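Here's a sequence, model it:
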Amino acid sequence: MGNLVLCHEQHAAHPYEISRIHCKIYTIEELCYYLCNNLYLIDYTIMNEQLCNWLDEELGLSALSEQLREMMQMHGSVEKFVLTILKESKIYREAQMIRIQNVLERLKNQKDIERQKFKGDNLLESGEIEEAILVYQEILNEERDESVEDKFYGQIYAGLGAAYGKLFLYQEAAKMYDHAYKICEDKKYLKPYLYASYKYMSMEEYHILLTKHADYVEVNAQMRQEIEDVKAKSLSENNEIQIDEWKRKYRRSNI
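Modelled structure (predicted):
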């Protein structure tokens, strides 16, 4: 059963519009939902008198609006501004607030493009693979940002490689890891590149591939050994489970 959330009764007669995405908001819940789902996009523009007035006049949250105004006058941080709104709404549990605070802290000094990557990485980690792919692709489709190193883009390709791999799109994954290695020149991308290639290529094609790079044979040997180790561990664990099951059946039969 999911957790119950106490909703506020107040519904604005006139919505607050988030101009950045042309979104109209009518309740404090909708505002909090927007903030939590767009932590990666939040910047100083969210701190404005119009939002304070809307909270006061439309939702009757005078104490909160006054608190936010004081924060603006004291040149408080965007992160604190957002957390104050979320805390005062009393919608989120402590564990959720800690997670949100950690994300905001991580994003605090990052460039917009780094925030986008962080969003993609988190979506990938949480299993929202298609959404992560869209974020990574958006970064690559935009005009190149000269404020970040080439390796940053290599990491984006690696993220795409991991995402495609999770969807079993091994040919696409191999292409992305190949791009990542060529840009970053980091051998850690060779193993997933070779694994993805092994999964979609014929054995003849794969053996030809191994002859094209001096490190491929060595990395392939390491990869195959790791695969064998995983198989052996899995077999051993299965055997232990079967033995335990046999012991339980034996004990029951002798009771």
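
what's Gln67 in contact with, if anything?
Contact partners of Gln67, counting by C-beta atoms under 8 Å, 6 or more residues apart in numbering, are 84, 88. The way it works is simple: take the backbone N, C-alpha and C, and place the C-beta from them, glycine included.

in what helix or strand does it lie?
Using DSSP states H and E, Gln67 maps to helix 62-73.

in the stretch 1-150 of the chain, what spans have low per-residue confidence?
Within the stretch 1-150 of the chain, the stretches with pLDDT under 70 are 1-9, 20-21.

Relative to Ile46, how far out is the residue nearest in space to the middle of the chain?
The centroid of the chain falls nearest to Asn122 when counting by C-alpha atoms, centre = their mean (1.1 Å). Using C-beta to C-beta, to the nearest Å, Asn122 is found at 20 Å from Ile46.

do Gln110 as well
To Ile46, Gln110 is 16 Å away according to C-beta to C-beta.

What of Leu140?
27 Å.

which of these two has more neighbours?
Ile46 (18 against 12; other C-beta atoms under 10 Å).

My understanding was that the more buried one contacts Val82; is that so?
Yes. Judged on C-beta atoms under 8 Å, Ile46 makes contact with Val82 at a distance of 6.8 Å.

Could you tell me which residues touch both of these two?
In contact with both Ile46 and Val82: Leu35, using C-beta under 8 Å, 6+ apart.

can you map out the helices along the stretch 151-255 of the chain?
Ranges of helices within the stretch 151-255 of the chain are 170-184, 190-200, 203-210, 216-253, based on DSSP state H, counting those that start in this stretch.

repeat for the stretch 1-150 of the chain
28-37, 49-57, 62-73, 78-89, 94-107, 112-125, 129-141, 150-166.

I'd like those as TSV, with distance to Val217 appended.
Listed next are these as TSV, based on distance: least, C-beta to C-beta, whole Å:
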stretch	distance to Val217
helix 28-37	47
helix 49-57	60
helix 62-73	60
helix 78-89	50
helix 94-107	39
helix 112-125	30
helix 129-141	30
helix 150-166	21
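
tell me the most buried of the ones you listed?
Of those, the one with the most neighbours on average (mean count of other C-beta atoms under 10 Å) is helix 150-166, at a mean of 20.

Remind me what that helix packs against, helices and strands.
Contacts defined by 3 or more C-beta pairs under 8 Å, 6 or more residues apart in numbering; DSSP states H and E place helix 150-166 against helix 112-125, helix 129-141, helix 170-184, helix 190-200.

so Tyr200 touches Glu172, yeah?
No. With contact defined as C-beta under 8 Å, Tyr200 does not reach Glu172; the gap is 9.1 Å.

which residues are common contacts for the two?
With C-beta under 8 Å, 6+ apart, Tyr200 and Glu172 have no common neighbours.

Please identify which of those two sits among more neighbours.
The residue with more neighbours, out of Tyr200 and Glu172, is Glu172; 18 against 15, by other C-beta under 10 Å.

For Glu205, see how far away that one is.
Applying C-beta to C-beta to Glu172 and Glu205 gives a distance of 16 Å.

now swap in Ile42 and tell me
Relative to Glu205, Ile42 is positioned 47 Å away (C-beta to C-beta).

So for the two, which sits in the more crowded spot?
Legend: neighbour count by other C-beta under 10 Å for Ile42 and Glu205, higher for Ile42 (20 against 11).

who's in contact with the more buried one?
Listed by C-beta under 8 Å, 6+ apart, the contact set of Ile42 reads 35, 78, 82, 104.

if I pick Arg69, what's in contact with it?
Arg69 makes contact with 49, 52, according to C-beta under 8 Å, 6+ apart.

swap the cut-off to 6 Å and go again
By C-beta atoms under 6 Å, 6 or more residues apart in numbering, the residues touching Arg69 are Cys52.

separation between it and Val82?
Applying C-beta to C-beta to Arg69 and Val82 gives a distance of 15 Å.

That's all I had, so thanks and see you.
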